[in-house]
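Undergrad: below is the sequence, then the predicted model.
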Amino acid sequence: MDTHSMSVLGLTSAEEDVYRHYLRNPGTPARAVHVVIPSDRESAVRAIGRLRELWLLHGDDDGMWATDPGVAVPRLAEEQLDSAHRTMRQLVNTRPILWSLQRDRPGPGAEPPSSGEAEPALRRMEDLRQVRAHIDQLAFSARSEVLASEPYDALSPENIAYARHLDLRCLRRGVRIRSLVRARALEDPGTLDHLRELRAGGARIRVADELSELMLVYDRRTALVPIDARDTSRGALCTEESSLVNSLVGLFERLWAAATDFDGLAATEDGGQAARLTDAQHRVLTTMCAASKDETGARQAGMSLRTYRRHISDLLRLLGASNRAQAALLARERGWV
């Protein structure tokens, strides 16, 4: 193999070679693997053993099969992220380690250091207001790139307003933004419009069917992750430890490579929704964008005023618009009219 992209997921080059071999050649007997991959028999046996422990291979010695990558890769990524979270939590307070080492050194340095002498590898923030203030500061000082993996299903109007201000400010300064979001987020009209605005401003966005990793990385120097990946209300951990930041960047790049470009999906989402409109809704949408009065629009659409207004209410909901003017604008942006 020329490259071994699965190293970020915790696999050695030999393990990846074996896994890829079984993807290409399902049913190969275990005893024959070392003949067809660049590995000696002992290394191949060890690789097969670990891949079976990780549930990446199944079967017996007479024939083995690789687990589907769509199942294997997200699970490995989640395990790596959980491991990174555990390591980061352990590094929150390095002071006891420092004190222990200082006690082993004779002389004045054996006294515990003062509060200003040792900085923790991580900053723990349990107050969500403190987290938001720190994100504000990092976004303001970002100079080159922001990486964001955000597994939300939908954003509230308040969250959109907050994120919009930070992101557009970064983009106007020339800061590159790459954002990973869940496919389900495209089903929410307000969130979809927000993502479109970011894309128009220069952000690159990709969509993953399944996404559980929450992280923000600024200039590849500072990273934020939740204290508890399953309960973000508990706060966040912030680190500038290069090894931890690099691990999170590697995980982001792997998720990014496996995701789908937002532009194509957004266009499909719009086209699919427009195709699901009834003929009556198409007529109402067209007349609503042109007629100034409901009575005129209802007459042009060939329906009663009450039915016309009911269709308008349905269209406002489908478009995620708060009023008719916004609905007309959104419909034109999405190519519905």
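TA: Happy to help now that I have it.

Undergrad: which segments of this protein make up each domain?
TA: 5-67, 77-92+123-265, 277-333 (automatic domain parsing).

Undergrad: so where do the strands sit in the stretch 201-337 of the chain?
TA: Applying DSSP state E, counting those that start in this stretch to the stretch 201-337 of the chain gives strands spanning 204-208, 215-218, 222-226, 236-239, 260-261.

Undergrad: elements contacting the last one?
TA: The reference is to strand 260-261. Under the contact criterion of 3 or more CB pairs under 8 Å, 6 or more residues apart in numbering; DSSP states H and E, strand 260-261 touches strand 204-208. For the C-beta atoms, the positions are set from N, CA and C on the backbone; glycine is no exception.

Undergrad: the strand it packs on: which residues count as buried?
TA: Along strand 204-208, these residues count as buried under the neighbour rule (16 or more other CB atoms under 10 Å): 205-208.

Undergrad: mind putting the strands of the stretch 201-337 of the chain in CSV, mean pLDDT included?
TA: Rendered in CSV, the data for the strands of the stretch 201-337 of the chain read as follows (pLDDT from 0 to 100):
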stretch, mean pLDDT
strand 204-208, 91
strand 215-218, 96
strand 222-226, 93
strand 236-239, 92
strand 260-261, 86
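
Undergrad: so which of those strands gets nearest A133?
TA: Among those, the nearest to A133 by CB to CB is strand 236-239 (11.4 Å).

Undergrad: same for that closest one, what does it pack against?
TA: In this structure, strand 236-239 packs against helix 69-90, strand 122-125, helix 128-141, strand 222-226, with contacts taken as 3+ CB pairs under 8 Å, 6+ apart.

Undergrad: for these, which one sits closest to T260?
TA: helix 69-90 (12.9 Å).

Undergrad: mean confidence score for that closest one?
TA: Predicted confidence along helix 69-90 averages 74 (mean pLDDT).

Undergrad: picking that back up, the domains of the chain into CSV, with extra columns for distance to D104?
TA: Formatted as CSV, the entries for these read as follows, by distance: least, CB to CB, whole Å:
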stretch, distance to D104
domain 5-67, 34
domain 77-92+123-265, 21
domain 277-333, 63
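
Undergrad: can you tell which of the ones you listed is closest to L101?
TA: When these are compared for distance to L101 using CB to CB, the nearest one is domain 77-92+123-265, at 15.2 Å.

Undergrad: contacts only, for the residue nearest to S304 when sequence neighbours are not counted.
TA: Beyond its immediate neighbours in the sequence, the residue positioned closest to S304 (CB to CB, 6 or more residues apart in numbering) is A298, lying 6.4 Å away. Neighbouring residues of A298 by CB atoms under 8 Å, 6 or more residues apart in numbering: 304-305, 307-309.

Undergrad: can I get the buried part of those residues as one ChimeraX selection?
TA: Burial among those is assessed by 16+ other CB under 10 Å; the matching ChimeraX selection reads:
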select :308
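
Undergrad: S322: which of the contacts of A298 is nearest?
TA: R309 (16.2 Å).

Undergrad: dump stretch 302-309 to PDB, restricted to CA.
TA: As requested, the backbone C-alpha atoms of stretch 302-309 are provided in PDB (Å, rounded to 0.1, in the frame of the first residue of the first chain):
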ATOM      1  CA  GLY A 302     -58.700  29.400  -9.500                       C
ATOM      2  CA  MET A 303     -59.700  28.700  -5.900                       C
ATOM      3  CA  SER A 304     -61.500  30.200  -3.000                       C
ATOM      4  CA  LEU A 305     -59.900  32.900  -0.800                       C
ATOM      5  CA  ARG A 306     -60.000  30.500   2.200                       C
ATOM      6  CA  THR A 307     -58.300  27.700   0.300                       C
ATOM      7  CA  TYR A 308     -55.700  30.100  -1.100                       C
ATOM      8  CA  ARG A 309     -54.800  31.300   2.400                       C
END
